[in-house]
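Asks: Just to be clear, the model below is a prediction. Sequence and coordinates:
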Amino acid sequence: MLDAIAQLPLTFQNINAGVATAPEHAADLGDLAGLSPQEMKAMVERFAAAGPLFANSEVTRVFDPPAAEKVVRLADKVRQQVESNGWMTPAQARARIEQWQEQAAEQGRDNWSENGNRVVLSFFDYTGEWSRPWEEAGYEVWRFDIQRDEDVGDVNAFCVDFFSDWFGDFEGKEIYAILAACPCTDFSSAGARHFAAKDADGRTLKSIRLVHKTLAAIEYFKPAIWAIENPVGRIEKLCGLPPWRLAFHPHHLGEDYTKKTLIWGRFNADLPVAPCEATAGSKMHTLYGGSSIATKNARSATPPGFSYAFFQANNAIDHPLMALANRYDMLDPAAVEAAVQAGLSEDEIKDLVDDFYYMELDYQGANDALLEAADAAPTFSMWASL
């Protein structure tokens, strides 16, 4: 699928020299002509029809839209907490985030063997903030950003051979999460006045291609957790994303400013919060205005409170049922839950279902194996106690 995406017809112009843009736009994609909105829509439709990314329900549900009850607006959760307890002071919020940081570090000390076999891929990760908690918890974290490495960091280069040649497909370790803060400059509603020019000169389509490369990597690895971050704008419409799952402002998570951000993907959106008053308002363009790469990096930096809250809600140690149910997403969640509640370990569940699941595509056989093992587990425990 990665190679199929790389071959999609792209017909937009090279970016004019001197136009401030995302670093990833510097990639040379050949002699390209501008697209009209109608042509751009047709390109997205071709992408969606190019392969099993969204349509193939036989092998994965990784791109299923979130159920209504799984969509979270943190503003609602914050409102309830503030009504009960009031706003946190900045010091109280920092203390809560420090507690989350310590819990991540504790996993790094106590669960390093389990977490060390899990890989997190973080795309467009210049600062490393979003992936930092995972690294501290002992996950094997790989960050990709063209500003850090023009070869390995270029998401435009992603394909099957890229991951096998450079990383040996991570030596067979589980790709547990893919995090992606895709460049937003051509999608964010804050820059809507520039949309027409960006659509005409090819910048928009280059940004779409980066999102499609990200989605292709997600389809290839099928991680338990994946998330794409962007401000409110047109990324969902132009890139064919499923509906968003989480909406938040940084002040919900310990900061003092507003910046409505949406997260698309497969993850637990019920994040813990550290609500502070937004005393600085929407400070992004007052403090970090301009079109330079440095100011764009400052505007797009991931708030630490969000990074650690996201880790709290989505790590495999604290959420084993979610981790396994997402990994084996074609199975009956009730069968996976029965196995977990019966006390079967992650390795025992893998041994039971992997051949059914990956080799034979026999999902009913895997369900039956889990249910039989869950039913037998109390008997084993009884005999072990005699």
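Replies: Cool, got the structure.
Asks: Tell me how many other residues crowd residue 340.
Replies: By the criterion of other Cβ atoms under 10 Å, residue 340 has 20 neighbours. No exception for glycine: its C-beta is placed from N, CA and C like everyone else's.
Asks: Then residue 169?
Replies: Neighbours of residue 169 under the rule other Cβ under 10 Å: 15.
Asks: can you start the count at 660 instead of 1 from here on
Replies: Noted, 660 is the first residue going forward, which turns the last one into residue 828.
Asks: Surely it is in contact with residue 801?
Replies: No - contact criterion Cβ atoms under 8 Å: residue 828 and residue 801 do not qualify, at 12.0 Å.
Asks: Could you pull out the strands in the stretch 660-809 of the chain for me?
Replies: For the stretch 660-809 of the chain, the strands defined by DSSP state E, counting those that start in this stretch cover 731-732, 777-782, 799-803.
Asks: Contacts for the second one, please.
Replies: The set of residues external to strand 777-782 that reach it, using Cβ atoms under 8 Å, 6 or more residues apart in numbering, is 787, 789-790, 793-794, 798-804, 814, 829, 832-841, 873, 876, 880, 882, 975.
Asks: which residues of this structure score low on pLDDT?
Replies: Scanning the chain for pLDDT under 70 picks out the ranges 660-696, 699, 702-703, 706-716, 942-960, 1037-1045.
Asks: Domain parsing of it, as residue ranges.
Replies: Split into domains by automatic domain parsing, the chain comes to 661-973, 989-1044.
Asks: mind putting the ones you listed in CSV, distance to residue 979 included?
Replies: CSV is the format used below for the domains of the chain (distance: least, Cβ to Cβ, whole Å):
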stretch, distance to residue 979
domain 661-973, 10
domain 989-1044, 6
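Asks: wait, which of those is closest to residue 983?
Replies: The closest of the domains of the chain to residue 983 is domain 989-1044. By Cβ to Cβ, the value is 5.3 Å.
Asks: Quickly note the distance from residue 883 to residue 924.
Replies: 11 Å (Cβ to Cβ, to the nearest Å).
Asks: typed the wrong thing, it's residue 858
Replies: Using Cβ to Cβ, residue 858 is found at 26 Å from residue 924.
Asks: more neighbours, the two?
Replies: residue 924 (25 against 20).
Asks: Report the contact partners of that one.
Replies: By Cβ under 8 Å, 6+ apart, the residues touching residue 924 are 884-887, 904.
Asks: Cheers, nothing more for now.
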